[in-house]
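Visitor: prediction below, plus the sequence it came from.
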Amino acid sequence: MANKSRLHIPKPSARPGDKPDFSYLELSPAGSVDKPSVGAKTRDIEYLSHELVRVLDDDHEAKGPWNPVLEPEKLQIALRWMLLNRVFDERMWQIQRQGRISFYIQATGEEAVSIAQAMALRAGDMCFPSYRNQGLYMYRGMQLVDMMCQCLSNTRDMCKGRQLPIMYHTKSGNVFSISGNLATQYPHAVGWAMASAIKGEDHIAASWVGDGSTAEADFHHALTFAAVYQAPVILNVVNNQWAISSFQGTAGGERRPFAARGLGLGIPGIRVDGNDLLAVYAVTVWAADRARRGGGPTLIELVTYRGGPHSTSDDPSKYRPKDEWAAFPLGDPIERLKQHLIHDGHWSEAKHDKLIEELKAEVLAAWKEAQQYGTMTEGPYLDPASMFDDVYAEPPKRLESQRRRMLEVYRDKGDL
Amino acid sequence: MANKSRLHIPKPSARPGDKPDFSYLELSPAGSVDKPSVGAKTRDIEYLSHELVRVLDDDHEAKGPWNPVLEPEKLQIALRWMLLNRVFDERMWQIQRQGRISFYIQATGEEAVSIAQAMALRAGDMCFPSYRNQGLYMYRGMQLVDMMCQCLSNTRDMCKGRQLPIMYHTKSGNVFSISGNLATQYPHAVGWAMASAIKGEDHIAASWVGDGSTAEADFHHALTFAAVYQAPVILNVVNNQWAISSFQGTAGGERRPFAARGLGLGIPGIRVDGNDLLAVYAVTVWAADRARRGGGPTLIELVTYRGGPHSTSDDPSKYRPKDEWAAFPLGDPIERLKQHLIHDGHWSEAKHDKLIEELKAEVLAAWKEAQQYGTMTEGPYLDPASMFDDVYAEPPKRLESQRRRMLEVYRDKGDL
Amino acid sequence: MPQMNMIEAIRSAMDVVMDKDPNVIILGQDVGFFGGVFRCTDGLQRKFGEHRVIDAPIAEGGIIGAAIGMGVNGLRPIAEIQFADYIYPGFDQIVSELARLRYRSCGEFFSPVTIRTPCGGGIHGGQTHSQSPEAIFTHVSGIKTVMPSNPYDAKGLLIASIESDDPIVFFEPKRIYNGPFDGDPEKPAVSWASHPKGEVPDGHYTVPIGTAEIAREGSELSIITYGTLVHVATAAADAMGVDAEIIDVRSLSPLDVTTITDSVKKTGRCMIAHEATRFGGYGGELAATIQKDCFYYLEAPVSRVAGWDTPYPHAFEWQYFPGQKRIAAGIRRVMEAAA
Amino acid sequence: MPQMNMIEAIRSAMDVVMDKDPNVIILGQDVGFFGGVFRCTDGLQRKFGEHRVIDAPIAEGGIIGAAIGMGVNGLRPIAEIQFADYIYPGFDQIVSELARLRYRSCGEFFSPVTIRTPCGGGIHGGQTHSQSPEAIFTHVSGIKTVMPSNPYDAKGLLIASIESDDPIVFFEPKRIYNGPFDGDPEKPAVSWASHPKGEVPDGHYTVPIGTAEIAREGSELSIITYGTLVHVATAAADAMGVDAEIIDVRSLSPLDVTTITDSVKKTGRCMIAHEATRFGGYGGELAATIQKDCFYYLEAPVSRVAGWDTPYPHAFEWQYFPGQKRIAAGIRRVMEAAA
Ligand SMILES: Cc1ncc(C[n+]2csc(CCOP(=O)(O)OP(=O)(O)O)c2C)c(N)n1
Ligand SMILES: Cc1ncc(C[n+]2csc(CCOP(=O)(O)OP(=O)(O)O)c2C)c(N)n1
Ligand SMILES: [Mg+2]
Ligand SMILES: [Mg+2]
């Protein structure tokens, strides 16, 4: 039957053993894309969804109308956050490999997304992240030790042991609780933004999904509601080329950029070099401004690459070339910002190395502290009886009696 | 709170008491829209989603590149089918009003959609209709008496009393079973088309949803799968301006035509005058051709107007101007085709009146016949024991015992 | 005291809460200008404005998803799903998000959404306007599931639901919107005016979630039921002259086990009745609990009368619906079982 | 006879059927080139081509919706949902369409889709990789619901499911993919090689849907269970030295009532065990049926051991999971109840 089949089957440009091939990626030269006014009509800015907004060029210079012209100090801070994200991920990955946490997800290669966008938003804006946005939590003030304690499900775990590692949340930092279900946070962001508008506040919401997740119903729900009510929301699609083993074409990325997905609803889309911190910052500021002024939603596609495996449960050598990341034309966001700063005379290899060492030490110190609150194998442990809390605000009797029954059977952690 | 709210609330141009206002509808002059080749690239035909393909002009002449140049006999047949649809609906409406069936839905004002598209498709193509596509069943050979028997849930009911009136199906006619749940048939059509491609057959599928239903998840699923696998399918959005009491803007129609919804996935969209049988026929033939040649899906938006109430349960005077239909700039599809035929010298008022009388008689005869198979108040009745059939291909024992128990309690229809 | 039918009582509940709390908003298909296909929100948009009574796109998943986000941002959304049969496209948002948000964020985030939806049969609605899907929600930890059987409870429970910080699926048995229904479709319609529970205070009051009510005291057997069937069961017992105690469960989750088991311990016999299909239905949970807690009191097995295990068939509505005859047969089975 | 683990058995089932019937195709996330996140479809795309083993977009509703359409057009689709926790976005298509298509079209249209999905806990998967949502499917008329507990049954039931013209939700308890699990996470993993049901014929055979199996004969009480807990319950009974009869339900709907009630009539005592949360769970249906049919034989109330009524908590997996201790406590309760 396969022989006569006329079904189109999307195929990635390279599989293991093949030479990486990113010729399918349409790139615009840095600085080449016009920057419209925030009040521009959607119809007049459709081009933004097909071009690629870039600020940093191949010679590490910042160029063109989207250059946000940030002070060197601010860029050094951004570099620091991206590096922290990377160093943290590396350490946690190792820790998982040593069996000390059950699961982990890296953002390797995508750090500019969370850091640049966190920088571009205001503290009162609400973020509805995916599981690869740990940078948002960091930037919004979550302590490394708290993130580690969450991954350890220990006595300081903000999730009280109820969630898989990396499923953080912070109300004070205005970053939502991560769900294991893809894209469900997208309509939440739109609803949150609608409420903000209803209350006459000027806070906006932002949410993130991956390229693969755009196929989910909630992506459509979010876009539809955002368009209908012109909700002040930024809807980000992080196109890191892969969804576990499926390349972005499996989600419909073969023909048009994901940035174009909202055009048919009148939602402007911007395609941006997701590994160019300056560009990401600039488009996010633009979209936030637009939303805050009542201009409605913007869809931002961040073109990047998933540098690591999908998660600690994944082995990408089974489905993509080992050296694909190295061939990715948009490079590594950290390296690019570093080179830009060096090029402008505001940074050096030595400073960079020193910063990395500092951050490693910071992460290590946090890890040491985190373990004091308990590890998987050594106490102190969370009280299992707490698993019956927070199911409801007003708990039904049956949960109390189940709690009692549980305690009759399992008196302590060893007692299974 | 409402005072400070900055939320955008879509509002229809007119509510009861207001003067109808269709200035929001963008119209292209008849004959003015270019017709691309079937092999044209999606990017090159985006304009089709923003224009309005029209063939019949205000002087009833057929014009321009989309004119399918159909023989007068064919047009007379089309007129006949549209009229039959209308006359049937009118009669069934009355019958419901008399309490002789429990429910009915008209297609009044939208008859060109089903008839023109049925004419444009091949018998082996599979249709996945909405509840306003009765014309498809008629054209595909379903007898009026069978449709009536379905609405009566009588002994000849193809649904054996299991479905609300109007929820027909015909396997031999290749028209799917109607669901009460909106838009669920859309992904079925795509899956069916995928199977056709997998089997190497050249049958295509077509499906229909309303403007309001485009907000449902299944609309997105269907578009995504159709785009990813380039399924040979025509996805129709019948924009009749209303979804019960909600105008098309509530589904996101304020900013862009529904025809543009697939552009971001690379699905070409065509916006067509849905009350112009020639135009609808022509775009459908074009899209079918494209699909059959492996060009993939096309989204067709049919701009029309729901001439009647949503269903027999609805009262539109509560939410829209009474005279809105009369003000609709695209008129009535039957009247327009009639005038075109008269203009060309192939029809006359007298013939038209006579045809209506004929059709009324045909419908009445069918109604007389249908009643012989049972009415709601008089036998013969379907055997209630049959309600346990077809839940499964291989029925579990519990259904047999429930059937027995039911029969112990209710021995005959009166015995409730 | 004013007389209200269930639609008026439900509308009054929303009116009262919206007057009191500017954060309460309504989101749903046709709820705004039109006032809802069953008129439950009629007049509310006129009174509270189109920014608080909002017509929504036809996307149940979107309505619930957006409502969750609104709730997280301090609003107290009431989401109307036009028919319970159409709640499934929103199922993932209910189960995976609404139900678990408080738990997974340890109370930092929650969303006090009330989902109102008309359910049940008896209105010639066919397969897709007659379903009773309550059982599947009772199985979801983190959600409360409520179904009133009369105007007084409808208003009191709905106010309690809207004001609760817990998410609630609030089922409205549409067959009794306009009057109680004893299961006989041939009888002329009766209005709520003649029913004591048709008397509904104008102002604010609550009926606590988690409490069942003894709808009719009796000593010979206990009938555990809810929604429309409370009235059918009462009529059946009356017609048979059986001294049945009828418990209106009202709050399916959390369940008021004590009121139910006290009754069964007293009568020693128990029948459960619901409209939903029997297999895997909520009656299973009730029967399992009752046989466990009342084992030594039961003189007969706990029996269930329910919708047959088929989709809801349009033409055989009255053979499908657990009407008086089927309930009577069920009662007889329980009464005749040897102790 | 070859030894297979459950993954191999499941793969073999698909392989055998695909060899036999060119209309069988597979659709799911990561099922193609990669072979599935649990490797169940590993090698099948290589063998049958990418037009029969198809990587799908991440849209469970789309996967099931498209599969239905394919089935209507003569294919026999196997849809893989990566985790049962992610089946809810496809719930409407399952309940409103797949389950009812045959009924509403009186058999003219139907779609023989098999939905395979890994379920259950015990793998440190947290809330969204551990759920057991089988109960909600058993309540849906028109769907069959199956859950094997060993490689032999997995293959036989899966072949029967794929070949059946009825739509089936086929749950795969992932904790026992690689070996039986007695509930003690500290013990070294065991493989299926040492288990008699790890012997799996290479070719075609079926295990009929609708039949339960006596996993272990006994006389003192009946334990009714399925999936992973079959092994946990066996280990618990063995450890306690209780002569329990353990029934592996396997086919949740349709249910083999006779095998179950025969056992309970014989032993006079009954405990039900499942991983899913207890309230509104499938155990309710089982208990309701058993107390009804075995009332005069029961010496103690039917008891349920199940997941607690909370979301599945990551760190307290072993306090949540109904392990040997909880099952033992349940057995004791049933055994100690006065007759
Ligand atoms: C509803 C749902 N379906 C499936 C999964 C399993 N899953 C987890 S991540 C993933 C891939 C997501 O890819 P993408 O959206 O591109 O994000 P990325 O991992 O690349 O950041 C899948 C299929 C899930 N978590 N939720
Ligand atoms: C899933 C679902 N939600 C809601 C409804 C109730 N409903 C029936 S028709 C309708 C309006 C549909 O409008 P549209 O799609 O524009 O089609 P039209 O009636 O105008 O042809 C609604 C909301 C339904 N049938 N199914
Ligand atoms: Mg991705
Ligand atoms: Mg419409």
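Guide: Cool, the structure landed. Ligands and ions are numbered 1, 2, ... in the order given.
Visitor: report the contact partners of whatever residue of the stretch 1-150 of chain A ends up closest to chain C.
Guide: Residue of the stretch 1-150 of chain A nearest chain C, by CB to the nearest CB: residue A:126 (7.2 Å). Where C-beta positions appear, they are placed from N, C-alpha and C, glycine not excepted. Residues near residue A:126 by CB atoms under 8 Å, 6 or more residues apart in numbering or on different chains: A:174-176, A:189, A:192-193, A:196, A:203-206, C:72-73.
Visitor: ok, now with 6 Å
Guide: A:174, A:192, A:205 (CB atoms under 6 Å, 6 or more residues apart in numbering or on different chains).
Visitor: equivalent analysis for residue C:88, please.
Guide: Residue C:88 neighbours (CB under 6 Å, 6+ apart): D:91, D:92, D:95.
Visitor: surely residue C:207 and residue C:156 touch.
Guide: Yes. Applying CB atoms under 6 Å, one finds residue C:207 in contact with residue C:156, separated by 3.1 Å.
Visitor: now the residue most central in space within chain A: closest residue in space, sequence neighbours ignored.
Guide: Nearest to the geometric centre of chain A sits residue A:133, at 3.0 Å (CA atoms, centre = their mean). Taking CB to CB, 6 or more residues apart in numbering or on different chains, and ignoring the residues beside it in sequence, residue A:133 has residue A:114 as its nearest neighbour in space, at 4.8 Å.
Visitor: which residues in the stretch 151-300 of chain A form helices?
Guide: Listed in chain order, the helices of the stretch 151-300 of chain A (DSSP state H, counting those that start in this stretch) span A:185-198, A:217-229, A:277-292.
Visitor: out of those, which comes closest to ligand 1?
Guide: helix A:217-229 (8.8 Å; CB to the nearest ligand atom).
Visitor: thinking again about what came up before, quick check: phi and psi on the residue nearest to residue A:133?
Guide: Here is the backbone geometry of residue A:114 (degrees, to the nearest 10): phi -70, psi -40.
Visitor: center of chain C, which residue is that?
Guide: residue C:147 (1.6 Å).
Visitor: ok, it touching residue C:172?
Guide: No. Using CB under 6 Å, residue C:147 is not in contact with residue C:172; the gap is 7.7 Å.
Visitor: list the contacts of the residue nearest to the centre of chain C.
Guide: C:171, C:226, C:227.
Visitor: and the nearest residue to the second one once chain neighbours are set aside, how far from residue D:185?
Guide: In space, and not counting its chain neighbours, residue C:226 is closest to residue C:249: 4.1 Å by CB to CB, 6+ apart. Remark: distance between residue C:249 and residue D:185 (CB to CB, to the nearest Å) = 39 Å.
Visitor: neighbour-wise, which of those two wins?
Guide: residue C:249 (26 against 16; other CB atoms under 10 Å in any protein chain shown).
Visitor: so that one touches residue C:210, yeah?
Guide: No. Residue C:249 is beyond contact range of residue C:210, at 10.7 Å (criterion: CB under 6 Å).
Visitor: please parse chain A into its domains.
Guide: A:42-373, A:384-413 (automatic domain parsing).
Visitor: counting neighbours, what do you get for residue C:290?
Guide: Residue C:290, neighbours per other CB under 10 Å, totals 27.
Visitor: residue contacts, it?
Guide: Counting by CB under 6 Å, 6+ apart, residue C:290 touches C:264, C:270, C:302.
Visitor: what residue in the stretch 1-150 of chain A comes nearest to chain B?
Guide: Of all residues in the stretch 1-150 of chain A, the one sitting closest to chain B is residue A:4 (3.1 Å; CB to the nearest CB).
Visitor: give me the nearest residue to that residue, chain neighbours excluded.
Guide: residue B:200 (3.1 Å).
Visitor: contacts only, for the one you found.
Guide: By CB under 6 Å, 6+ apart, residue B:200 lies in contact with A:4, A:5, A:6.
Visitor: coming back round to it: which strand residues bridge the residue of the stretch 1-150 of chain A closest to chain C?
Guide: residue A:205 (DSSP bridges).
Visitor: ok, now which ones touch residue C:222?
Guide: Residue C:222 makes contacts with C:245, C:263, C:264, C:267, C:270, as judged by CB under 6 Å, 6+ apart.
Visitor: how about TSV for the contacts of residue C:88, with neighbour count, distance to residue C:105 and pLDDT added?
Guide: Listed next are those as TSV, based on neighbours: other CB atoms under 10 Å in any protein chain shown; distance: CB to CB, whole Å; pLDDT from 0 to 100:
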residue	neighbour count	distance to residue C:105	pLDDT
D:91	25	24	98
D:92	30	27	98
D:95	26	29	98
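Visitor: so which of the contacts of residue C:147 are in helices?
Guide: Nothing among those maps onto helices, per DSSP state H.
Visitor: okay, those residues in JSON lines with distance to residue D:295 next?
Guide: Formatted as JSON lines, these follow (distance: CB to CB, whole Å):
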{"residue": "C:171", "distance to residue D:295": "31"}
{"residue": "C:226", "distance to residue D:295": "24"}
{"residue": "C:227", "distance to residue D:295": "27"}
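Visitor: kindly write the ChimeraX command that selects the buried subset of these.
Guide: Written as a ChimeraX command, the selection of buried residues from the contacts of residue C:147, which uses 16 or more other CB atoms under 10 Å in any protein chain shown, is:
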select /C:171,226,227
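Visitor: is any residue of stretch A:320-334 near ligand 1?
Guide: No. Judged by CB under 6 Å from any ligand atom, stretch A:320-334 and ligand 1 are separated, with a smallest distance of 12.0 Å.
Visitor: distance between the ends of that stretch?
Guide: Stretch A:320-334 has an end-to-end distance of 23 Å (CA to CA, to the nearest Å).
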